[in-house]
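[1] just coords:
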């Protein structure tokens, strides 16, 4: 890859990431969810998705978001206070904390999902099936790359004494 291609790819990543974040923030404002950040919205999305799968414990949600449980705890506390999430124990095992969406959280998640559906439809509207196949192949390669980079980052953080796999129960982390 040439230096110019590297610079162009970097500009693309930065620009697209920032544009998507700005569009999500605008969509939140448009539907009156002014008290939510995009990061909080992504927590709601993960909780909604994982609840449907029965995997909505603090540890499972943190893993899905590739964040520490302590970071998630801060976000969950804020979202509970704002009325978007509720937290409850697991019958028979008080150490397990389950997090679920409130009706307000479900509505915010629904609006966010609709935003993403429209974004995908609009972005792909003029592409042929062949172009979509090439795009998907490229995006899968990028996803694999970023997943590997994320894994390496977590591994190196663990070697530096900042482990993401702290041996605590969910109750002590909440």
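    Nice, thanks for sending it over. Just so it is clear, the model here is predicted, and its values are computed rather than measured.
[2] when you work out contacts or count neighbours from here on, use the C-alpha atoms and nothing else.
    OK.
[3] for the chain, which element, helix or strand, carries the lowest mean pLDDT?
    helix 170-173 (a mean of 42; mean pLDDT, DSSP states H and E).
[4] please report how far the most centrally placed residue in the chain lies from residue 134.
    For the chain, the residue sitting closest to the mean C-alpha position, by C-alpha atoms, centre = their mean, is residue 42 at 4.2 Å. Noted for residue 42: a distance of 28 Å to residue 134, by C-alpha to C-alpha, to the nearest Å.
[5] how about residue 150?
    Taking C-alpha to C-alpha, one finds residue 150 at 24 Å from residue 134.
[6] picking up where we left off before, what helix or strand is the residue nearest to the centre of the chain on?
    If you go by DSSP states H and E, residue 42 is part of helix 38-52.
[7] that helix: how far from the chain's middle?
    Relative to its parent chain, helix 38-52 has a centroid offset of 7 Å by C-alpha atoms, centre = their mean, to the nearest Å.
[8] right, and the helix or strand after it?
    Past helix 38-52, the next helix or strand by DSSP H and E is helix 58-65.
[9] pull out the buried positions in that next one.
    58-62, 64-65 (16 or more other C-alpha atoms under 10 Å).
[10] cool, and stretch 117-134?
    For stretch 117-134, the buried set under the neighbour-count rule, 16+ other C-alpha under 10 Å, is empty.
[11] in a strand, residue 95, correct?
    Yes - counting by DSSP: H, G, I helix; E, B strand; the rest coil, residue 95 falls inside a strand.
[12] thanks again, I'm all set now.
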